[in-house]
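Undergrad: Requesting a structural model of the entry that follows:
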Amino acid sequence: MDNLNTEVKPLRAVIIEDEQKARRILQTLLEENCDNVKVVGIAEDVPTGVKTIIAENPDVVFLDIELPGFNGFELADFFTEINFEIIFTTAYSQYAIKAFQMSAVDYLLKPMQIDQLRNAVEKARKIRGAQMLEKIKALKENMADVGSKKIALPIAEGFLFVEQNEIVYLEADNSYTTIFFTNGNKILVSRNLKEFIALIDSPDFFKPHRSFYVNSIHIRQYNKQDNGSLVMNNGHTIYIARDRKQEFLDFMQHKGAL
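TA: All right, here's what the predicted structure looks like:
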């Protein structure tokens, strides 16, 4: 019997970066640290990058944001469908990075770290282009207003984009999180609650218990008996941890709700 060929084909990569030194550094990092990546094209601006992508049909594009003429975000405007993964390369501040995280768009901070590069490449291999146009649209919105727009939830089919205010509360379930929505639906997501607490950027959310993260705009009632509990707009009751009761009252008072 012939041996099965289990060799994994390398990802075909295109680099779009206007600085020659940065292009050279990224290509060298990929060649020396990512055996499963083959750089098949390099471009210095978006129009040239579009031509290179059409010619080379890459699996992944490493895309700088600050480019002459068109910025990196505008690359998507040249395509009606994207079947390659985009990894943005950026020197943006940590504040702006929140927008990337909320939109489920991968990114590499300059100067690049080898471990981050490897992780980004591995992620690109798994999800190649999944809903890339929708993710970039959400990213543009979140770049304009990081604190209030959509977040991307990984689901079997790709990503579900939801407004933060559509979330009533989140409940920890080991390494998963169940998210309850205003329309009565709920979804189990393969991220732990700690990740969502870091991801959601809103002054309306509060953690009354180690297993819950609630959106205060959807609290219907506060009961002070038995250390305190919250009745949410969907009718569910969430108990407040003993050491967080006063913190919750201070939180609601600060919001002007008490």
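Undergrad: beta partners for Val162?
TA: For Val162, the beta-bridge partners are Ile151 (DSSP bridges).
Undergrad: what are the bridge partners for Val189, then?
TA: Beta-bridge pairing of Val189 under DSSP bridges involves Thr177.
Undergrad: Neighbours of it, how many?
TA: Residues contacting Val189 under the criterion other Cβ atoms under 10 Å number 17. (Each C-beta comes from the backbone N, C-alpha and C, glycine too.)
Undergrad: give the contact list for it.
TA: Applying Cβ atoms under 8 Å, 6 or more residues apart in numbering, we find Val189 in contact with 153-155, 176-179.
Undergrad: if you set the cut-off to 7 Å instead, what comes out?
TA: 153-154, 176-177, 179 (Cβ atoms under 7 Å, 6 or more residues apart in numbering).
Undergrad: Kindly indicate which of these lies nearest Pro111.
TA: Looking at the contacts of Val189 and their distance to Pro111, the nearest is Pro154, at 28.4 Å (Cβ to Cβ).
Undergrad: roughly how far apart are that closest one and Glu85?
TA: Going from Pro154 to Glu85 by Cβ to Cβ, to the nearest Å gives 14 Å.
Undergrad: List buried residues within the contacts of Val189.
TA: 153, 177, 179 (16 or more other Cβ atoms under 10 Å).
Undergrad: Export those residues as TSV, with columns for distance to Glu171 and pLDDT.
TA: Shown next, in TSV, are the buried ones among the contacts of Val189 (distance: Cβ to Cβ, whole Å; pLDDT from 0 to 100):
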residue	distance to Glu171	pLDDT
Leu153	14	87
Thr177	7	95
Ile179	8	96
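Undergrad: show me where the stretch 51-200 of the chain has helices.
TA: 94-102, 114-127, 132-144, 193-199 (DSSP state H, counting those that start in this stretch).
Undergrad: Looking at those, which one is packed in the most?
TA: helix 132-144 (a mean of 19; mean count of other Cβ atoms under 10 Å).
Undergrad: same for that helix, what does it pack against?
TA: Counting contacts by 3 or more Cβ pairs under 7 Å, 6 or more residues apart in numbering; DSSP states H and E, helix 132-144 packs against helix 94-102, strand 150-155, strand 158-163.
Undergrad: in the last one, what counts as buried?
TA: Same thing as strand 158-163. For strand 158-163, by 16+ other Cβ under 10 Å, it's 158-162.
Undergrad: next one: stretch 225-232
TA: 228-230, 232.
Undergrad: mean confidence for that stretch?
TA: Here stretch 225-232 scores 87 as its mean pLDDT.
Undergrad: Residues contacting that stretch, please?
TA: Here stretch 225-232 makes contact (Cβ under 7 Å, 6+ apart) with 168-169, 208, 214, 218-223, 237-240, 242, 245, 248.
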